[in-house]
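1. build me a structure from this.
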Amino acid sequence: MQLKNFSTGALRLLLMLITVPALAQKPGNSKKADTTVKKVDTLAAMKALLIPKADAPKPYKDIIPATAITSKGFFKVHKVDEKYFFEIPDSMLERDILVVARIAKAPAELRLPGGALSFAGDEIGECVIRFQKVPGNKLFLQKLSFKERSADSTENGLYRALTNSNIQPVQAAFPIKALNDSSKSSVIEMTDYINGDNSIFFFDAALKALMTLSMQAPDRSYIEGVKAYPMNLEIKTVKTYSSRPYPITNEIKSYTYELNTSVVLLPKEPMQPRYFDPRVGFFADEFVDFDANPQGVKTESVAWRWRMEPKPGDMDKYRRGELVEPVKPIMIYIDPETPKKWVPYLIQGINDWQAAFEQAGFKNAIVGKEAPKDDSTWSIDDARHSVVVYKPSSTPNAMGPSVKDPRSGEILETHINWYHNVMDLLHKWYFVQAGAVDPRAHQLQLDDALMGQLIRFVSSHEIGHTLGLRHNFGSSSTVPVDSLRNKQWVEAHGHTPSIMDYARFNYVAQPEDHIGDKGMFPRIGDYDKWAIEWGYRYIPDAKTAAAEKETLNKWVINKLAASKRYTFGIEKMPWVPMTMLDPRNQNEDLGDDAMKAGAYGIKNLRRIEPHLMEWTREPAEDYGKAGEMYKEVLNQYERYMGHVLANIGGLLTTPRTVEQAGPVYEFVAKEKQKRAIAFLQEQLFTTPEWLNDQELFNVTETGFNMVSAVQDKVLFMLLDPKLINRLLDQQAYEPAKAYAAADMLQDLKKGIFSELAAHKPVSTNRRQLQKAYVEKLITMLPPLAEKSGVNSLNDGLSIIKAHAKTLAAEIKNASVQAADNTTRAHLEDLYERLNAVLHAVKVS
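-> Residues are numbered from 1 along each chain as shown. So this is what the prediction gives:
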């Protein structure tokens with residue numbers, strides 16, 4: 001038997017227990033000792049002493065010898081041979097710590113759709129943890145949730161009750177290997193946890209499933225290094241994962257990542273939050289507040305914002321309205337791998353926000369700069385550094401995410417994703433939207449100065465997201481269309497009040513307007529400056545988020561009363577149906593009248609289309625680029641149709657508080673809906689022959705069938721039961737003002753079947769359109785009606801059946817007088833299809 005980890009005193013006690021009889025009184029003979037050894041007690045003591053305690057801390061020097069390599073931060077990190085230890089001071093226990101995991105180097109041949117989670121710098125995980133000391137010489141690692149909150153710990157408050165019902169899950173337990181009495185800290189070994197495959201530091205199970213990753217291969221994974229900084233730890237690992245079996249082949253591939261995990265100490269006192277307001281477009285985190293309503297609960301949201309506070313000595317200046325510097329400005333670096341010629345434009349896009357922060361009372365509040373070249377302490381993966389990360393990706397995109405403190409909404413840092421191929425997207429946008437008025441667009445490669453300005457505006461847009469701003473798709477709808485052609489006005493004010501809109505370039509401007517870059521390019525506008533003021537102006541006398549609400553509400557009311565240009569229009573979100581119905585809040589649109597703006601846009605597209613082969617010509621190359629640009633022209637044309645379509649059955653939503661007059665919900669005016677139908681009849685359903693480019697079709701993978709697909713798509717959306725139901729709702733709510741569903745169908749039929757009354761031949765393209773109309777109508781009749789969403793309990797089915805009967809009769813009459821055999825055969829076929837279904841309806 002070996003005796004380990006026993007002190008001299010413990011050994012002496014052990015010997016006594018083995019050799020000395022227990023003294024106990026025997027009944028009836030109090031003076032006689034019982035020499036029988038109490039085996040149960042003795043054996044229990046022997047067992048407790050002979051079996052060493054694995055979790056008993058050892059002397060500090062035995063775990064962390066003098067040869068250990070140590071880096072100091074809010075935790076100390078020790079490397080002993082190939083083992084890693086965290087030394088956690090008692091003062092850091094129970095502190096909230098943010099963990100952010102990113103890809104440092106991405107594997108070859110693994111690219112998700114859209115380029116997400118496929119490149120260096122992409123974030124793969126974010127959570128808040130806390131270390132807690134528990135009995136048994138252990139530290140627990142908990143993962144924290146902030147979805148339900150109470151700060152009221154008074155006798156009548158719910159803090160304690162809520163705490164009892166929200167035990168945070170323990171994700172891992174670590175034996176304390178040693179205690180450092182001098183610094184009052186505990187040492188735990190992290191080697192296996194960092195080497196392993198856990199959801200705190202690396203991918204979680206859901207994300208791995210999305211990326212088709214399976215198990216980690218331990219023999220091909222290792223820790224590259226762990227380093228401590230004053231406010232963060234940086235963990236770098238190399239991990240190899242097996243893929244799931246590929247379909248058909250069952251092949252299993254291996255993918256190796258270099259991952260960087262930042263462990264960031266959150267502020268001990270969270271920043272004072274600012275409650276979200278739907279009239280100003282900030283991202284926000286939602287939670288259930290048990291303090292806000294004494295007789296229930298209230299769902300609140302806190303806006304995402306950087307901490308922007310005047311220096312204590314400047315508070316009086318700030319109150320007087322003088323510009324002051326913030327305690328901590330927002331510093332955003334440019335990835336050292338960025339092509340040098342684009343760096344100045346990316347920096348300009350960052351610094352353009354200075355003017356917005358000045359409106360909030362701060363100077364030098366945001367700074368863009370190149371990353372330091374000779375600073376070994378600077379790392380692009382360090383969570384203390386915000387960076388525009390350049391990605392060698394074919395994905396034509398850019399994204400501006402941010403890392404925030406979920407307790408308060410404080411934005412802590414950002415890694416903006418800048419994909420190399422976004423320049424191809426910018427070129428195509430500029431070609432189709434500005435090509436009619438700017439000769440610089442008539443080439444395959446835009447000159448660097450022009451491309452630089454395009455990069456600048458996208459940089460500003462993405463920086464806006466990192467400042468907490470959402471898309472403001474409603475901004476452009478506040479500008480009268482005629483103003484977009486007024487050179488003096490549009491160059492002074494811009495074609496949209498917000499760079500957070502998807503209003504790329506001024507496609508309304510005509511060549512004869514002679515509008516320059518200031519009236520063509522997006523820029524930070526009136527709304528953006530106001531939004532930054534709302535989010536970042538410091539309110540010194542408000543000590544809580546609730547205390548700010550009255551002041552913030554007055555600001556919003558006054559701004560919106562002053563001008564529509566300060567309006568926020570939320571982006572469309574399919575999971576929030578109401579956001580899908582407001583035609584003002586559309587992306588890629590301009591102006592307050594989609595029909596008028598679309599007509600101008602089409603005039604410019606008709607100027608561009610005949611020159612596609614000329615402007616994209618390149619020696620020793622085929623016509624593929626011309627085909628690409630034709631598709632871009634068609635995509636832009638389709639956007640105009642979609643902008644107009646949204647007005648039919650549209651519902652305007654304008655958030656208001658009780659102090660503001662006016663409706664929150666209102667239907668689009670009947671006159672505007674009828675003009676929308678007329679526009680679609682003229683520009684889409686009347687065959688757009690200008691898009692029928694036979695010369696181009698002969699040499700590229702394009703054809704008029706692409707135009708027909710746009711016609712079908714818009715037609716099917718007009719004949720959508722949901723749209724019919726919205727028209728019926730308006731008719732029930734305000735019958736005198738409504739565009740009745742039956743009238744809409746009649747207007748639509750009258751245009752698409754205009755040849756019937758005139759007894760004219762029906763062309764090939766029109767025959768295809770009419771067939772599509774009849775086939776869609778059939779799906780809205782029994783027996784398919786219920787599956788297509790037609791409600792038999794309201795007037796929808798009755799109106800559709802009546803419409804189908806009228807159309808069938810008109811087709812039958814016209815077929816008798818058809819001008820040619822092909823038209824007659826077409827009409828007879830349509831009648832037979834409709835009549836068969838209508839007859840089945842009648843029989844049933």
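
2. which non-adjacent residue is nearest residue 251?
-> residue 245 (6.9 Å; Cβ to Cβ, 6 or more residues apart in numbering). For glycine as for every other residue, the C-beta is placed from the backbone atoms N, C-alpha and C.

3. endpoints of stretch 669-687, how far apart?
-> With Cα to Cα, to the nearest Å as the measure, stretch 669-687 spans 28 Å from end to end.

4. pull out the buried positions in it.
-> For stretch 669-687, a neighbour-count test (16 or more other Cβ atoms under 10 Å) marks 670, 672-677, 679-681, 683-685, 687 as buried.

5. try stretch 752-769
-> Applying 16+ other Cβ under 10 Å to stretch 752-769 flags 752-753, 755-756, 762, 765-769 as buried.

6. and which of these is nearest residue 208?
-> residue 768 (46.5 Å; Cβ to Cβ).

7. if we can go back for a sec, quick check: the farthest pair among the buried residues of stretch 669-687?
-> Largest pairwise distance in the buried residues of stretch 669-687, by Cβ to Cβ, is 28.0 Å, between 670 and 687.

8. picking up where we left off before, okay but the residue nearest to residue 251 is in contact with residue 212, surely?
-> No: between residue 245 and residue 212 there is no contact under Cβ atoms under 8 Å: 9.5 Å.

9. quick one, which of those two is more surrounded?
-> A count of neighbours by other Cβ atoms under 10 Å puts residue 212 above the other of residue 245 and residue 212, at 16 against 13.

10. export the buried residues of stretch 669-687 to TSV and append columns for pLDDT, distance to residue 266 and secondary structure.
-> What follows is the buried residues of stretch 669-687, written out as TSV (pLDDT from 0 to 100; distance: Cβ to Cβ, whole Å; DSSP: H, G, I helix; E, B strand; the rest coil):
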residue	pLDDT	distance to residue 266	secondary structure
670	97	55	helix
672	98	50	helix
673	98	52	helix
674	98	57	helix
675	98	54	helix
676	98	51	helix
677	98	55	helix
679	98	54	helix
680	98	54	helix
681	98	59	helix
683	98	55	helix
684	98	54	helix
685	98	58	helix
687	97	62	coil
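
11. would you mind giving the secondary structure of residue 136?
-> Here residue 136 takes the coil state, with states given by DSSP: H, G, I helix; E, B strand; the rest coil.

12. now render the buried residues of stretch 752-769 as JSON lines, adding secondary structure, distance to residue 278 and pLDDT.
-> JSON lines is the format used below for these (DSSP: H, G, I helix; E, B strand; the rest coil; distance: Cβ to Cβ, whole Å; pLDDT from 0 to 100):
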{"residue": "752", "secondary structure": "helix", "distance to residue 278": "40", "pLDDT": "97"}
{"residue": "753", "secondary structure": "coil", "distance to residue 278": "44", "pLDDT": "97"}
{"residue": "755", "secondary structure": "helix", "distance to residue 278": "49", "pLDDT": "95"}
{"residue": "756", "secondary structure": "helix", "distance to residue 278": "48", "pLDDT": "95"}
{"residue": "762", "secondary structure": "coil", "distance to residue 278": "49", "pLDDT": "96"}
{"residue": "765", "secondary structure": "helix", "distance to residue 278": "45", "pLDDT": "96"}
{"residue": "766", "secondary structure": "helix", "distance to residue 278": "45", "pLDDT": "97"}
{"residue": "767", "secondary structure": "helix", "distance to residue 278": "48", "pLDDT": "97"}
{"residue": "768", "secondary structure": "helix", "distance to residue 278": "44", "pLDDT": "97"}
{"residue": "769", "secondary structure": "helix", "distance to residue 278": "41", "pLDDT": "97"}
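
13. how close does residue 182 sit to residue 137?
-> Residue 182 sits 18 Å away from residue 137, going by Cβ to Cβ, to the nearest Å.

14. what's the answer for residue 189, then?
-> In terms of Cβ to Cβ, residue 189 sits 13 Å off from residue 137.

15. what do you get for residue 206?
-> Separation of residue 206 from residue 137 (Cβ to Cβ): 34 Å.

16. those two: which has the busier surroundings?
-> Set residue 206 next to residue 137 and count neighbours by other Cβ under 10 Å: residue 137 wins out with 17 against 9.

17. please parse the chain into its domains.
-> Domain segmentation of the chain under automatic domain parsing yields 8-50, 60-265, 312-592, 719-843.

18. who are the contact partners of residue 106?
-> 118-120, 122, 257 (Cβ atoms under 8 Å, 6 or more residues apart in numbering).

19. and if we set it to 10 Å?
-> Residue 106 makes contact with 117-122, 255-258, 391-393 under the criterion Cβ atoms under 10 Å, 6 or more residues apart in numbering.

20. cool, and residue 477?
-> By Cβ under 10 Å, 6+ apart, the neighbours of residue 477 are 496, 501, 503, 564, 567, 569, 582-586, 589-594, 597, 643.

21. and stretch 692-707, how far out from the chain middle?
-> 36 Å (Cα atoms, centre = their mean, to the nearest Å).

22. buried sites along stretch 280-294?
-> So, applying 16+ other Cβ under 10 Å, buried residues of stretch 280-294: 280-285, 287, 289-291.

23. and which of the buried residues of stretch 669-687 is nearest to residue 447?
-> Minimum distance to residue 447 across the buried residues of stretch 669-687 is 33.7 Å, recorded for residue 683 (Cβ to Cβ).

24. how close does the closest residue to that closest one other than its chain neighbours sit to residue 227?
-> Of all residues beyond its chain neighbours, the one nearest residue 683 is residue 602 (6.1 Å), with distances taken as Cβ to Cβ, 6+ apart. Here residue 602 is placed at a distance of 59 Å from residue 227 (Cβ to Cβ).

25. tell me which of those two has more neighbours.
-> Set residue 602 next to residue 227 and count neighbours by other Cβ under 10 Å: residue 602 wins out with 21 against 16.

26. the more buried one contacts residue 640, doesn't it?
-> Yes: at 6.3 Å, residue 602 counts as touching residue 640 under the criterion of Cβ atoms under 10 Å.

27. I'd like the buried residues of stretch 752-769 as JSON lines, with distance to residue 103 appended.
-> Converted to JSON lines, the buried residues of stretch 752-769 look like this (distance: Cβ to Cβ, whole Å):
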{"residue": "752", "distance to residue 103": "52"}
{"residue": "753", "distance to residue 103": "56"}
{"residue": "755", "distance to residue 103": "59"}
{"residue": "756", "distance to residue 103": "61"}
{"residue": "762", "distance to residue 103": "57"}
{"residue": "765", "distance to residue 103": "49"}
{"residue": "766", "distance to residue 103": "53"}
{"residue": "767", "distance to residue 103": "53"}
{"residue": "768", "distance to residue 103": "48"}
{"residue": "769", "distance to residue 103": "48"}
